[in-house]
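Asks: predicted model follows, preceded by the sequence.
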Amino acid sequence: MKPLVFLIPLLLTFTALAEPPPELSAKAALQLAEQSLESRGLGVFIQAVTFQSTALLGGKRTWYVQWSGYVEGAKAGTRETGLQIGMDGHVVHVIKEPGSGPTGSRPR
């Protein structure tokens, strides 16, 4: 039984290494985020870009672009914290409602 316990981390390592690179480059994600900022004239800048995957294999893969501050959302009392950009270039504005964590809404 003990040898199996040692094989699990090894298998997870090989699985992570087998994941292909993102279909949409970080540069392309940054360009989409910059276009969004420029078109809306927001007073914030890009603070961070993070690649996120919901599962080791076959999960949803996105770029999360975080703003340097909050931007007022379209709905009263909401604030936009950044963008979630899919591998197909689909942009979703990430909104934080009062008393909650960020949630995706307002597809663009």
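Replies: Right, received. Where do you want to start?
Asks: pretty sure residue 66 contacts residue 81?
Replies: Yes: with contact defined as Cβ atoms under 8 Å, residue 66 reaches residue 81; the gap is 6.5 Å. C-beta coordinates here come from the backbone N, C-alpha and C atoms, glycine included.
Asks: and the longest strand anywhere in the chain, what does it pack onto?
Replies: Criterion DSSP state E: the longest strand present in the chain is strand 61-72. Applying 3 or more Cβ pairs under 8 Å, 6 or more residues apart in numbering; DSSP states H and E, one finds that strand 61-72 contacts helix 26-40, strand 46-53, strand 79-86.
Asks: looking at the ones you listed, which is closest to residue 59?
Replies: strand 46-53 (5.3 Å; Cβ to Cβ).
Asks: picking that back up, highest average neighbour count across the helices and strands packed on strand 61-72?
Replies: strand 79-86 (a mean of 22; mean count of other Cβ atoms under 10 Å).
Asks: so what strands line up beside it?
Replies: Applying DSSP bridges, strand 79-86 is found paired with strand 61-72 (antiparallel), strand 91-96 (antiparallel).
Asks: hmm, residue 64 and residue 50 touching each other?
Replies: Yes: Residue 50 is in contact with residue 64 according to Cβ under 8 Å; the separation is 4.7 Å.
Asks: what about residue 76, which SS state?
Replies: coil (DSSP: H, G, I helix; E, B strand; the rest coil).
Asks: okay, it and residue 84: tell me how far apart.
Replies: 22 Å (Cβ to Cβ, to the nearest Å).
Asks: before we move on, back to that, which among the helices and strands packed on strand 61-72 is found nearest to residue 96?
Replies: Ranking the helices and strands packed on strand 61-72 by distance to residue 96, with Cβ to Cβ as the measure, places strand 79-86 first at 5.1 Å.
Asks: the closest one: how far from the chain's middle?
Replies: 7 Å (Cα atoms, centre = their mean, to the nearest Å).
Asks: just want the angle from that strand to strand 46-53.
Replies: Counting by axes from the mean of the first three to the mean of the last three Cα atoms, to 10 degrees, strand 79-86 lies at 50 degrees to strand 46-53.
Asks: which residues does strand 79-86 contact?
Replies: By Cβ atoms under 8 Å, 6 or more residues apart in numbering, the residues outside strand 79-86 that reach it are 24, 29, 32-33, 36, 60-67, 70-73, 91-96, 102, 104.
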